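In: just a sequence and a predicted model for now, questions to come.
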Amino acid sequence: MDLSAKEWEKYGKPEHSHVYKQIATVMHKGIKPEEVAKFYDTWADGREYENELPEDVYNAPIVTAAEAAGGLTDDQKATAKVFDVAAGTGMCAVQLKLHGFQHIDALDPSQGMLDKAKEKDLYERYICDFMTDKHLDIPENTYDVLTVSAGFGEGHLPCSSLHEMVRVVKPGGRIVLVTREQHLYTVAEYKDRLEPLMDRLEAEGKWKKLERKIFKGFFLDKDGIMWKYQVL
């Protein structure tokens, strides 16, 4: 994607052009989950991924961790078992640890991303797999907190993954989901499907919505959306 000087007045500094192209590539319409994982393997190489997503460009991990920590005591955070879904190189885990969480497991379909997270010793368990509605090798009611920081997108987490998220979280535990707000309208998998499924799970007594909010700075000028649920 080639942006003109005028367009960069909207999107930010010219040095952000490469990361914008990377995001556009990994989110292009019709991309398959296996292609997404392979792309992230390449992007993780040499820490390019992390270097191109500083806090002034991308604040999803900060927002996700803060929402996960909100209302919990220091003791609760220190003992909580956290599942970081779409963990990547561990950018969210870094923020979770700053809030006092100590026991975090990672899931990501990109082994390259997880290898970078291992170098920083961020997680207790590293699971290289896709999150769908199929059961992972995880017992039900395992986690106190589940986070998804930017794991939704074209070819990324399917709507059906919500069922598995609920299954692995303990009753009373919380699930925090953060993504780009526009995905609700531009990604066919989510349009008129993701939030209706969230509402249906609530009507079925699977979880309870604690909060939904739109926030600035998710990625450059793009707004983010955050949902927080408590599993019942």
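Out: The structure has been received and is ready for your questions. Residues are numbered from 1 along each chain as shown.
In: all helices of the protein, in order?
Out: Per DSSP state H, the chain carries helices over the ranges 5-11, 17-26, 33-44, 48-51, 60-69, 74-79, 91-98, 111-119, 161-168, 183-186, 194-203.
In: who are the packing partners of the fifth one?
Out: When you say that, I think you mean helix 60-69. Using 3 or more CB pairs under 8 Å, 6 or more residues apart in numbering; DSSP states H and E as the contact test, the elements touching helix 60-69 are helix 91-98, strand 143-149, strand 169-180, strand 207-219, strand 222-231. C-beta: built from backbone N, CA, C; applies to glycine.
In: most tightly packed of these?
Out: Across these, averaging neighbours per residue (mean count of other CB atoms under 10 Å) puts strand 143-149 on top, at a mean of 27.
In: now do that strand: which elements does it pack against?
Out: By 3+ CB pairs under 8 Å, 6+ apart, strand 143-149 packs against helix 60-69, strand 81-85, helix 91-98, helix 161-168, strand 169-180.
In: who's in contact with it?
Out: 60-61, 63-65, 68, 76, 80-86, 91-92, 96, 101, 105, 157, 165, 168-170, 173-179 (CB atoms under 8 Å, 6 or more residues apart in numbering).
In: any idea how far residue 224 is from the closest residue in space to residue 35 that isn't next to it in sequence?
Out: Nearest non-adjacent residue to residue 35, counting by CB to CB, 6 or more residues apart in numbering: residue 155, 6.6 Å away. Remark: distance between residue 155 and residue 224 (CB to CB, to the nearest Å) = 19 Å.
In: circling back: can I get the helices and strands packed on strand 143-149 in TSV including distance to residue 191?
Out: Putting these into TSV (distance: least, CB to CB, whole Å) gives the following:
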stretch	distance to residue 191
helix 60-69	21
strand 81-85	21
helix 91-98	25
helix 161-168	16
strand 169-180	13
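In: could the ones you listed be laid out in a markdown table, adding distance to residue 110 and mean pLDDT?
Out: As requested, the helices and strands packed on strand 143-149 are exported to a markdown table (distance: least, CB to CB, whole Å; pLDDT from 0 to 100):
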| stretch | distance to residue 110 | mean pLDDT |
| --- | --- | --- |
| helix 60-69 | 16 | 96 |
| strand 81-85 | 13 | 98 |
| helix 91-98 | 13 | 96 |
| helix 161-168 | 16 | 98 |
| strand 169-180 | 17 | 97 |
